[in-house]
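Q: Build the 3D model from these lines:
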Amino acid sequence: MQKTFIFILFFTSLLFTGCMYKSTTNELARFDNTLLKNDCDFSIVDKKLKKGDDVILWSIQGGALARNCGDFAKSNTFFDEAELHYKFDVDMKNPLLEVRDKTRSILINNNANPYEGNVYEKIMVNTYKALNFLALNDKENARVEINRAIERQRIAKEYFANDIASLERKNAANLNELKSAQDLYNSLAELKAKQSETKAQTLNFNEEAVNLAFEKYTQSAQKAVYSDFINPFTTYIGALFLLNDRSYERAVDLFKEGLQMDRKNPQITKDFALADKMAGQFNAKFKEYYVWLIYENGFGTVKGEIAIDLPLFLVSDSLYYSTIALPSLEFRQYSYPSLTIKNNSGDSSKTYIIANMDSVAEAEFNKRYLGLAAEAIISTAAKTIIQKQLDDIDPLLGFLGFIYQKTTAKADTRSWSALPKSFEAARIPIKDGNITIVDENGVILLQEFLQNDKNVIIYLKSSQKGQIITHKIYL
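A: Just a heads-up that it's a prediction; the model follows:
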């Protein structure tokens, strides 16, 4: 009776894991609505940070919201908090905490662990910080953040190169863990059978079903556009800053990197030609000034969940429930397909995609998914074993094991939902200062009068049609 009470208490506590998962999902949806309404309500972010709940996730969400609200100093405060936790909770993570988090992932799910983010998100934090400093007319700190972002990209490229080299070894280790889980249960089952003189029931891993599960999981995976895990927008913003900082040769190098990723991109080609021209002149200065339109288009990819019938089974009719939950990518909509910027002198230019953020996110997701899927299979196997062992002791405990497995069979679907689907750019001469931005149908979205003695960026974000947020950055 005491054992039963302890198990009831234990499994009841696990129900809160499911509630926590549902709560996070709902809060992310509410946050996205806040962005769409141009609302500067930080209550969700403040509440989560006060509780110390997923500090990295809600700091970067808060940073994006503050940018929407034009509070660039506050935005950087949020991003600084995220960077601090990236450094101490992720990059310098205690090995004992790694073991703890691995155990939680298997016995509960990864939602029980603090959000650690993705490499592309870290790079975007520094990129946004640079843009924030430029909006605050703080070019020195903008330069620091651009250098950090570019350095992070270099480290990311090396990190994933090393990860590719060790992938087969990691997968072999995962399969060994899976086999060990099967062997462990079979050994216990055989021991119990000898003691009770009954036929042992063994846990069987159906290899064909495992393969089908992986095939279903990877059906939506497409070939990554940015296979070297570089974010072209970060490279482009770095080049644009250097061009306007009169570091023309370094700007040429970065624009060249952008063209290596997208050789036919008209906008990068135009800007590369301008930088190359300036680099070829002694003490070059702009003879006419330009306006760049930087356009954040739509809502970027987020994570969803695929639930698959468990690719293993027990030779027994006493199991209640067994499934595997895997994360998947969900692609959201563009806003305006493109924008056109024009002046009163007849110059006009349509925006071209500089970086498809869906592809940036997908490149990293595809790199990690085998490890995520292997971990999910091991987790499900362990829970199935626990459920069976509890049922062998008492049917009530077996039912509680079913509740435990059903409640904790959740994929980790947390992600930085405020990122756009793509970053786009266009450039024209300023001329008399009158600038108009129109949508694909020629409908006027914005009219501005600009100084004509400085280069300038008009930064426009639109998560859906009818919603635009803009600010200017004089360079």
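
Q: Return the residues in contact with residue 34.
A: 41, 44, 65 (Cβ atoms under 8 Å, 6 or more residues apart in numbering). C-beta coordinates here come from the backbone N, C-alpha and C atoms, glycine included.

Q: Pull up the gap between residue 434 and residue 345, please.
A: Spatial separation of residue 434 from residue 345 under the definition Cβ to Cβ, to the nearest Å is 9 Å.

Q: Among the contacts of residue 34, which lie within helices?
A: In helices, judged by DSSP state H, the following of the contacts of residue 34 are found: 44, 65.

Q: Of residue 434 and residue 345, give the one with the bigger neighbour count.
A: Neighbour tally, residue 434 and residue 345, criterion other Cβ atoms under 10 Å: the higher count belongs to residue 434, 15 against 12.

Q: so the more buried one bridges to which residues?
A: In this structure, residue 434 bridges to residue 449 when assessed by DSSP bridges.

Q: isn't it right up against residue 449?
A: Yes - the pair residue 434 / residue 449 is scored as a contact, 5.9 Å apart, by Cβ atoms under 8 Å.

Q: quick one: contacts for residue 27?
A: Contact partners of residue 27, counting by Cβ under 8 Å, 6+ apart, are 44, 48.

Q: and the nearest residue to residue 455 once chain neighbours are set aside, how many neighbours?
A: Closest residue to residue 455 apart from its sequence neighbours, by Cβ to Cβ, 6 or more residues apart in numbering: residue 475 at 4.4 Å. Other residues within reach of residue 475, judged by other Cβ under 10 Å, total 19.

Q: got a list of what residue 475 touches?
A: Taking Cβ under 8 Å, 6+ apart, we find residue 475 in contact with 134, 241, 244, 454-457.

Q: ranges for the helices of this protein?
A: In the chain, the segments counted as helices under DSSP H are 2-36, 43-51, 55-68, 72-85, 95-107, 119-135, 139-196, 207-218, 232-244, 248-261, 266-279, 357-393, 395-408.

Q: Can you tell me which of these has the worst average pLDDT?
A: Sorting the helices of the chain by mean pLDDT places helix 207-218 lowest, at a mean of 46.

Q: from what I can see residue 236 touches residue 353, true?
A: No - when contacts are counted by Cβ under 8 Å, residue 236 is not listed as touching residue 353 (10.8 Å).

Q: Is it correct that residue 116 is in contact with residue 56?
A: Yes - with contacts counted by Cβ under 8 Å, residue 116 reaches residue 56, the gap being 6.6 Å.

Q: Now do residue 286 against residue 86, distance only.
A: If you measure residue 286 against residue 86 using Cβ to Cβ, the figure is 37 Å.

Q: For those two, work out which one has more neighbours and name it.
A: When neighbours are counted by other Cβ under 10 Å, residue 286 and residue 86 differ, and residue 86 comes out ahead with 21 against 15.

Q: Next, the contact list for that one, please.
A: The neighbours of residue 86, taking Cβ under 8 Å, 6+ apart as the test, are 56, 117, 122, 125.

Q: what's the closest non-adjacent residue to residue 76?
A: Nearest in space to residue 76, with sequence neighbours left out and distances taken as Cβ to Cβ, 6+ apart, is residue 132 at 5.0 Å.

Q: Let me see the contact set for the one you found.
A: Contacts here follow Cβ under 8 Å, 6+ apart; on that basis residue 132 touches 67, 72-73, 75-76, 79.

Q: could I get the residues you listed as a markdown table with neighbour count and distance to residue 34?
A: A markdown table is the format used below for those (neighbours: other Cβ atoms under 10 Å; distance: Cβ to Cβ, whole Å):
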| residue | neighbour count | distance to residue 34 |
| --- | --- | --- |
| 67 | 25 | 13 |
| 72 | 22 | 18 |
| 73 | 12 | 20 |
| 75 | 24 | 15 |
| 76 | 25 | 20 |
| 79 | 24 | 18 |
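
Q: which one among those gets closest to residue 293?
A: Residue 293 has its nearest neighbour among those in residue 67, at 16.9 Å by Cβ to Cβ.

Q: how close does the closest one get to residue 471?
A: Separation of residue 67 from residue 471 (Cβ to Cβ) stands at 9 Å.

Q: between residue 116 and residue 56, which one's more packed in?
A: Neighbours per residue (other Cβ under 10 Å) separate residue 116 from residue 56, with residue 56 holding more: 24 against 19.

Q: just checking, that one touches residue 113?
A: No - contact criterion Cβ under 8 Å: residue 56 and residue 113 do not qualify, at 11.4 Å.

Q: Quick check, pLDDT for residue 447.
A: 97.

Q: number of nearby residues for it?
A: When neighbours are defined as other Cβ under 10 Å, residue 447 has 10 of them.

Q: Quick check: it vs residue 344, distance?
A: Using Cβ to Cβ, residue 447 is found at 11 Å from residue 344.

Q: Which neighbours do the two have in common?
A: The overlap between the contact sets of residue 447 and residue 344 (Cβ under 8 Å, 6+ apart) consists of residue 434.

Q: about what we covered before: who touches both of residue 116 and residue 56?
A: For the pair residue 116 and residue 56, residues contacting each of them under the criterion Cβ under 8 Å, 6+ apart are 89-90.

Q: rewinding a little: select only the buried ones of the contacts of residue 34 in PyMOL?
A: Selecting in PyMOL just the buried members of those, where the criterion is 16 or more other Cβ atoms under 10 Å, is done with this command:
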select buried, resi 44+65
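
Q: Dump the contacts of residue 34 to CSV, plus distance to residue 367.
A: Putting the contacts of residue 34 into CSV (distance: Cβ to Cβ, whole Å) gives the following:
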residue, distance to residue 367
41, 35
44, 30
65, 29
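
Q: Going by distance to residue 31, which of the contacts of residue 34 wins?
A: The nearest member of those to residue 31, counting by Cβ to Cβ, is residue 44 at 5.5 Å.

Q: could you measure the closest one against residue 260, distance?
A: Summarising the geometry, the distance separating residue 44 from residue 260, computed by Cβ to Cβ, is 40 Å.

Q: Same check on residue 234?
A: Taking Cβ to Cβ, one finds residue 234 at 14 Å from residue 260.

Q: more crowded one of those two?
A: Using other Cβ under 10 Å, the more surrounded residue of residue 234 and residue 260 is residue 234, with 27 against 13.

Q: For that one, give its distance to residue 58.
A: Distance, residue 234 to residue 58, using Cβ to Cβ: 23 Å.
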